[in-house]
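A.B. asks: my questions concern the predicted model and sequence given below.
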There are 2 protein chains.
Amino acid sequence: MSAPQDSHKDAVTGLHPLDVALCMTPLPDGSVQAQAPAAYWNMVGPYGGITAAQMLQAVLQHPALLGEPISITVNFAGPVEAGDLRIEAVPVRTNRSTQHWTVVMGQTNAQGEFLVSTTATVITAVRRATFSQDDVPHPAMPAPERCERFDTRGAMEWLQRYDMRVVQGAIPKTWDDSEHETLSQLWVRDEPARALDFAALAALCDVFFPRVWLRRARRVPAGTVGMTVYFHADAEQLARQGDRHLLAQASAQAFRNGYFDQTAQLWDAEGSLLATSHQIVYYKE
Amino acid sequence: MSAPQDSHKDAVTGLHPLDVALCMTPLPDGSVQAQAPAAYWNMVGPYGGITAAQMLQAVLQHPALLGEPISITVNFAGPVEAGDLRIEAVPVRTNRSTQHWTVVMGQTNAQGEFLVSTTATVITAVRRATFSQDDVPHPAMPAPERCERFDTRGAMEWLQRYDMRVVQGAIPKTWDDSEHETLSQLWVRDEPARALDFAALAALCDVFFPRVWLRRARRVPAGTVGMTVYFHADAEQLARQGDRHLLAQASAQAFRNGYFDQTAQLWDAEGSLLATSHQIVYYKE
């Protein structure tokens, strides 16, 4: 069930693997059908970031959409299996300049029951020009072409979909239970390169390996259970960024009895914030 | 419609105003009825923190509840009017040790239509003892009894429900468009004092005035549209805290075209993290 079956689909269709994942077919009841994207497979299901991107896309392609995304919160409720997905995005309240959405993703099991795998809420809005200011400084980093690319040979499928150049806080080379700070800083973009849009940005917010691995130099089972993205960029800023590398940073604030939190910031190539993001992550031991 | 009508109800029932707000009556369809709490009235509706507390309480009092809260995300979709509220909490997926909830709050208007005012998702879980570590240092602050209490005389009703002692980043005394950093640090507890629980903690995560007022020393219209709380504390830690002051801190990361984000940390009286929280907040100009 979990073996990738269409990771080379892009070679056939000419589509970028992310665009394959974002392909959605409208169903008569207003929901859409998509595929669990084999090109982004993680250990036992799709990479969480691609699921977030699909949940967001279901809103962005909805005929009732107002404005651009301001925030998305995705909760990973249960496993996503290979095959068809159904996503239902509902605009529960539309105001003058904001719109509130609930989104559910699920799959029909062998018994014909629809099982919810993922829930989300999304806020979209029509933005107006106001006082604007970034208050969190971006890290000083060498240009991406001067940084070594993270070697993903033999790694999980989804890691092949990103070009990552880690400057600080790489995944430990030795699992020796030593203590470390949880800050990682890297350059990252889609692989192959692809112009940035909101769905791609949502997916990029989840590229960081579990902070608990870095903190403890110990590879314990871990997985994101909930993730929020606040979009500071509008479509114009995303267009300016194009397919260049983003500057990304993540760290943890607290580890407590099975759950830790992660805060992350993503800047464009010019050092202007694109998004801030937060996760709550399960870990064992 | 917005005039407080039962803010002294506690004087009659002997209940703490927060416990009045958390009173919920089961309805035949599985939802619950509550009241828009006049004792926590803000400018044009209830204080967002109390709405978050009510959304969480609808989950915590649900007969199907598994474990304790790990996270809640609340989106403020539309105004809450004085009077009856209906809250529906649905356990959309229950796993071995985690449970995923969707929650909707709404009111029936004069035309008999049910209007959604608020949406939320909640994750609950059975926690197990693991490696635990706080990685964000708590600020060094004088003891609460040595800090001056914020004078709320003449201020909105909800502010009367909190004892706040601001050490850094108080609300500006002069609105002179000068620039400031967005960090606030304060002691805070319910007023009257009340033993801390998850609902009270969720409400406390929203006590910070809008960061944009501090940043610009300019009182522009502003309001939270979405808020997430990650609970690091379990019921045992909350019980140890009792009714003492919490240490609370908030700052902003980015202001951009009508929306800014806020990150916050709340520690118990011993300096151990209770919760981390995030908001996306609308502002004008």
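C.D. replies: Looks like it came in fine.
A.B. asks: following the least confident helix or strand in chain A by mean pLDDT, which helix or strand comes up?
C.D. replies: Within chain A, judged by mean pLDDT, DSSP states H and E, the helix or strand with the poorest mean is helix A:9-13; its value is a mean of 64. Downstream of helix A:9-13, the next assigned helix or strand under DSSP states H and E is helix A:17-21.
A.B. asks: following that following helix, which helix or strand comes up?
C.D. replies: Using DSSP H and E, the helix or strand that directly follows helix A:17-21 along the chain is strand A:25-26.
A.B. asks: in the stretch 51-200 of chain A, which spans are strands?
C.D. replies: Per DSSP state E, counting those that start in this stretch, the stretch 51-200 of chain A carries strands over the ranges A:68-76, A:84-94, A:98-108, A:114-125, A:133-134, A:162-168, A:184-190.
A.B. asks: is chain B contacted by the shortest one?
C.D. replies: I take that to be strand A:133-134. Yes. Strand A:133-134 comes into contact with chain B (CB under 8 Å from any CB of the partner chain), by way of A:Q133, A:D134. Every C-beta, even on glycine, is put in place using the N, C-alpha and C of the backbone.
A.B. asks: which elements pack onto that strand?
C.D. replies: Judged by 3 or more CB pairs under 8 Å, 6 or more residues apart in numbering or on different chains; DSSP states H and E, the packing partners of strand A:133-134 are strand B:246-256.
A.B. asks: tell me what the strand it packs on is packed against?
C.D. replies: Contacts defined by 3+ CB pairs under 8 Å, 6+ apart place strand B:246-256 against strand A:133-134, strand A:273-283, strand B:184-190, helix B:211-216, strand B:259-267.
A.B. asks: could you pull out the buried residues of stretch A:266-281?
C.D. replies: Across stretch A:266-281, burial judged by 16 or more other CB atoms under 10 Å in any protein chain shown covers A:266-269, A:272-281.
A.B. asks: also stretch A:242-260?
C.D. replies: A:245-260.
A.B. asks: of those residues, just say which sits nearest to B:A58.
C.D. replies: Ranked by distance to B:A58 (CB to CB), the buried residues of stretch A:242-260 are led by A:Y259 at 22.0 Å.
A.B. asks: for the closest one, give its distance to chain B.
C.D. replies: Distance, A:Y259 to chain B, using CB to the nearest CB, to the nearest Å: 6 Å.
A.B. asks: what pairs with that residue across the strands?
C.D. replies: Per DSSP bridges, the residues bridged to A:Y259 are A:R256, A:Y282.
A.B. asks: that one contacts B:I70, correct?
C.D. replies: Yes. Counting by CB atoms under 8 Å, A:Y259 does reach B:I70; the two are 5.6 Å apart.
A.B. asks: intersection of neighbour lists for the two?
C.D. replies: A:V225, A:I280, B:A125, B:Y230 (CB atoms under 8 Å, 6 or more residues apart in numbering or on different chains).
A.B. asks: surely the third one touches B:R96?
C.D. replies: So the one you mean is B:A125. No. Contact criterion CB under 8 Å: B:A125 and B:R96 do not qualify, at 10.0 Å.
A.B. asks: look at these two and report which has more neighbours.
C.D. replies: Taking neighbours as other CB atoms under 10 Å in any protein chain shown, B:A125 and B:R96 compare with B:A125 leading, 24 against 8.
A.B. asks: chain center to the top helix by length along chain A: distance?
C.D. replies: Counting by DSSP state H, the longest helix found in chain A is helix A:48-60. Distance of helix A:48-60 from its chain centroid, counting by CA atoms, centre = their mean, to the nearest Å, is 8 Å.
A.B. asks: average pLDDT for that helix?
C.D. replies: For helix A:48-60, the mean pLDDT works out to 98.
A.B. asks: what's in contact with that helix?
C.D. replies: A:18, A:21-22, A:24, A:32, A:34, A:37, A:40, A:42, A:65, A:69, A:72, A:74, A:76, A:80, A:85, A:87-89, A:101, A:103, A:105, A:118, A:120, A:122, A:124, A:158, A:198-200, A:202-207, A:223-224, A:227, A:229.
A.B. asks: hang on, the earlier thing: intersect the buried residues of stretch A:266-281 with the contacts of chain B.
C.D. replies: Near chain B, by the rule CB under 8 Å from any CB, you find A:L273, A:T276, A:H278, A:I280 out of the buried residues of stretch A:266-281.
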